[in-house]
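Participant: Just a sequence and a predicted model for now, questions to come.
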Amino acid sequence: MIVVGGRVAGSISSFHAAREGLDVLMVEKNPEIGTPVQCAGGVSDTFFKSMKIKPLAQFTCSRIRGACIHAPSGASFLTDDPIIKGYIVERKIFDKYLAIRAAEQGTEIMLNTIAKDLIIKDGKVGGVIVKKDGQTFDICSDIVIAADGIQSKIARKAGLDTRFRVDEICSCAQSEMVGVNIKKEIMELYFGNRTAPGGYLWVFPKGEERANIGVGIRRRKWNAKSAQYYLKRFTSKLDATEIEFNIGAVPIGGPVKRTYTDGLMVVGDAAGQVDPLTGGGIHIAAECAKIAGEIASEAIEMGRADAEFLKRYEKRWYKRVGANIKRSLKYRKILNQLTDEDINKLVESLEGGELNLFSTSLLRFVKDYRNILRILKEIL
Ligand SMILES: Cc1cc2nc3c(=O)[nH]c(=O)nc-3n(C[C@H](O)[C@H](O)[C@H](O)COP(=O)(O)OP(=O)(O)OC[C@H]3O[C@@H](n4cnc5c(N)ncnc54)[C@H](O)[C@@H]3O)c2cc1C
């Protein structure tokens with residue numbers, strides 16, 4: 001099996017396939033696993049529990065026990081909902097750790113290797129054409145996993161539509177900063193049109209006075225103000241020093257229509273397997289990647305890498321995380337419609353209270369679109 005992409009989705013699918021006994025090769029275009037970073041590093045306890053990975057001190061920077069939600073008016077409330085609990089990880093080290101884990105199961109890893117195209121035999125994917133050290137060559141394989149990130153080119157070569165529209169993409173910019181006045185164990189999330197239109201600004205504590213500060217916005221047109229603009233507007237008011245800057249994009253439009261074809265499965269950001277409300281992709285990518293690795297092994301064992309067999313990958317991942325993604329998508333659509341005034345009222349009504357309505361508790365208290373509208377009507 002060949003896996004294209006060596007981050008969360010790639011390493012976890014490689015780990016599970018190799019553990020089931022498959023010969024796995026993971027190719028990564030960068031010279032180092034985990035860089036450049038394109039993530040704030042928020043990982044829930046559920047991820048560690050589900051993946052049976054220990055949150056080791058070597059890659060965790062801080063423990064998270066709650067989140068403070070800020071409205072444009074300055075009103076805020078603190079939620080300590082259990083689903084928020086987790087860690088801020090150092091992605092460079094965390095991604096390497098996941099790759100090491102895959103390698104220890106027998107996965108071979110090729111760095112500086114870009115998958116340029118697919119080998120197609122009798123209409124089926126039969127491997128990849130890679131370029132390494134200036135040389136282009138074929139590597140044959142019964143199954144290819146496309147874990148190559150947002151707008152996956154590899155899956156597109158197999159005929160799957162993995163493109164997202166402008167308004168289905170959250171553009172992000174992030175600075176890691178030192179000298180930040182942080183609340184220990186608390187993530188800060190700022191909402192509002194002037195702060196982060198269509199998204200939010202985050203301050204994720206990474207330790208003593210250190211934080212990842214980032215903004216994710218949803219643009220309606222490409223020439224609107226960039227995420228970097230909103231980030232600089234916020235950070236320029238701080239007396240803090242930047243030690244790292246990165247930009248990235250998250251697919252928040254829900255999964256792509258089809259995540260398998262003859263000889264190929266798509267996982268992670270490449271498949272749009274991201275929570276559309278929070279933009280968090282690590283946990284969902286991991287769940288789906290685990291399933292892809294296991295299905296690949298079953299497929300090889302049965303001699304069935306055809307689409308009809310690989311269909312069970314989509315069925316299984318959908319059963320595991322599909323309902324959550326769907327629900328988050330609904331809530332994001334509702335949040336998109338809220339004005340700053342609505343958000344102020346909503347947060348002010350919860351300020352200092354026990355109820356945690358935003359994001360996490362929305363998921364708990366309401367079951368569908370109609371319910372959420374009814375509750376919002378009552379509050380506003
Ligand atoms: C600014 C920002 C902050 C975020 N914060 C969080 C957060 O706090 N918590 C959370 O859960 N999620 C967060 N996310 C989302 C999360 O980072 C992603 O959902 C997750 O990393 C997806 O992992 P992946 O393996 O699917 O894809 P990617 O991380 O995109 O990895 C794809 C890999 O494939 C490689 N590749 C691509 N094409 C090729 C090719 N042709 N040949 C070889 N290699 C190739 C790339 O180099 C890359 O290493 C954030 C995203 C951004 C942009």
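Facilitator: Okay, I see it. Here the structure is a predicted model, which is why all the values come from computation and not from measurement.
Participant: worst-scoring helix or strand of the chain, pLDDT-wise?
Facilitator: helix 360-365 (a mean of 45; mean pLDDT, DSSP states H and E).
Participant: packing partners for the longest helix along the chain?
Facilitator: Longest helix in the chain by number of residues (criterion: DSSP state H): helix 282-302. Packing partners of helix 282-302 (3 or more CB pairs under 8 Å, 6 or more residues apart in numbering; DSSP states H and E): helix 8-19, strand 42-44, helix 45-51, strand 144-146, strand 264-266, helix 307-317. (C-beta placed from N, C-alpha, C; glycine too.)
Participant: ok, and for it, which residues are buried?
Facilitator: 282-297, 299-300 (16 or more other CB atoms under 10 Å).
Participant: The stretch 201-350 of the chain against the ligand: which residues are in contact?
Facilitator: Counting by CB under 6 Å from any ligand atom, the residues of the stretch 201-350 of the chain close to the ligand are 214, 248-250, 268-270, 274, 279-283, 285.
Participant: from these, which is closest to Thr261?
Facilitator: Nearest to Thr261 out of those is Ala270 (CB to CB; 13.1 Å).
Participant: Now do the same contact list for the closest residue to Tyr97 other than its chain neighbours.
Facilitator: Counting by CB to CB, 6 or more residues apart in numbering, Tyr97 lies nearest to Phe59, which is 5.4 Å off, once chain neighbours are set aside. Contact partners of Phe59, counting by CB atoms under 8 Å, 6 or more residues apart in numbering, are 89-90, 93-94, 97.
Participant: Could you chop this structure up by domain?
Facilitator: 2-41+90-164+255-326, 167-251, 334-379 (automatic domain parsing).
Participant: Include distance to Cys68 when you put the ones you listed into TSV, please.
Facilitator: TSV is the format used below for the domains of the chain (distance: least, CB to CB, whole Å):
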stretch	distance to Cys68
domain 2-41+90-164+255-326	15
domain 167-251	5
domain 334-379	10
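Participant: Out of these, which one sits most buried?
Facilitator: Among these, ranked by average contacts under mean count of other CB atoms under 10 Å, first place goes to domain 2-41+90-164+255-326 (a mean of 21).
Participant: Just the terminal-to-terminal distance for that domain.
Facilitator: Length of domain 2-41+90-164+255-326, first residue to last, CA to CA, to the nearest Å: 30 Å.
Participant: before we move on, what about stretch 32-43?
Facilitator: 22 Å.
Participant: Not counting its own residues, what contacts that stretch?
Facilitator: Residues beyond stretch 32-43 that count as contacts (CB under 8 Å, 6+ apart) turn out to be 6-7, 11, 30, 55, 61, 64, 86-96, 99, 109, 111, 172, 174, 187, 202, 204, 206, 212, 214, 244, 246-248, 280, 282-283.
Participant: can you redo the residues of the stretch 201-350 of the chain next to the ligand as CSV with secondary structure and pLDDT?
Facilitator: Shown next, in CSV, are these (DSSP: H, G, I helix; E, B strand; the rest coil; pLDDT from 0 to 100):
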residue, secondary structure, pLDDT
Gly214, strand, 98
Gly248, strand, 96
Ala249, strand, 96
Val250, strand, 96
Gly268, helix, 98
Asp269, helix, 98
Ala270, helix, 98
Val274, coil, 97
Gly279, coil, 95
Gly280, coil, 96
Gly281, coil, 97
Ile282, helix, 98
His283, helix, 97
Ala285, helix, 98
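Participant: Specify the local secondary structure of Arg258.
Facilitator: coil (DSSP: H, G, I helix; E, B strand; the rest coil).
Participant: contacting residues around it?
Facilitator: Contacts for Arg258 (CB under 8 Å, 6+ apart) come out as 160-161, 314.
Participant: need those residues in TSV with pLDDT and distance to Asp239, can you?
Facilitator: Formatted as TSV, the contacts of Arg258 follow (pLDDT from 0 to 100; distance: CB to CB, whole Å):
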residue	pLDDT	distance to Asp239
Leu160	97	48
Asp161	96	47
Glu314	98	50
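Participant: Apart from its neighbours in sequence, what residue is nearest Pro31?
Facilitator: Nearest non-adjacent residue to Pro31, counting by CB to CB, 6+ apart: Asn112, 5.0 Å away.
Participant: before we move on, the earlier item: for Asp342, find the nearest of the helices and strands packed on helix 282-302.
Facilitator: strand 42-44 (25.4 Å).
Participant: can you give me the mean pLDDT across the closest one?
Facilitator: Averaged over strand 42-44, pLDDT sits at 97.
Participant: Name the residue of the stretch 51-200 of the chain that lies nearest to the ligand.
Facilitator: Gly149 (2.7 Å; CB to the nearest ligand atom).
Participant: tell me the contacts of the residue nearest to that residue when sequence neighbours are not counted?
Facilitator: Among residues not flanking Gly149 along the chain, Asp269 sits closest, at 4.8 Å (CB to CB, 6+ apart). Asp269 is in contact with 9, 149-150, 152, 250-251, 281, 285, counting by CB under 8 Å, 6+ apart.
Participant: how near is Asp269 to Asp81?
Facilitator: Using CB to CB, to the nearest Å, Asp269 is found at 25 Å from Asp81.
Participant: do the same with Lys96
Facilitator: 31 Å.
Participant: State the number of residues packed around Gly74.
Facilitator: 10 (other CB atoms under 10 Å).
Participant: is it true that it lies in a helix?
Facilitator: No. According to three-state DSSP, Gly74 belongs to no helix; its state is coil.
Participant: Centroid-nearest residue for this protein?
Facilitator: Gly281 (1.9 Å; CA atoms, centre = their mean).
Participant: correct me, but that residue touches Ala249?
Facilitator: No. Gly281 lies out of contact with Ala249 (CB atoms under 8 Å); the separation is 11.1 Å.
Participant: Quick one: residues contacting the residue of the chain most remote from its centre.
Facilitator: Most distant residue from the mean C-alpha position of the chain: Asp122, 34.2 Å away (CA atoms, centre = their mean). Asp122 makes no contacts at all, as judged by CB under 8 Å, 6+ apart.
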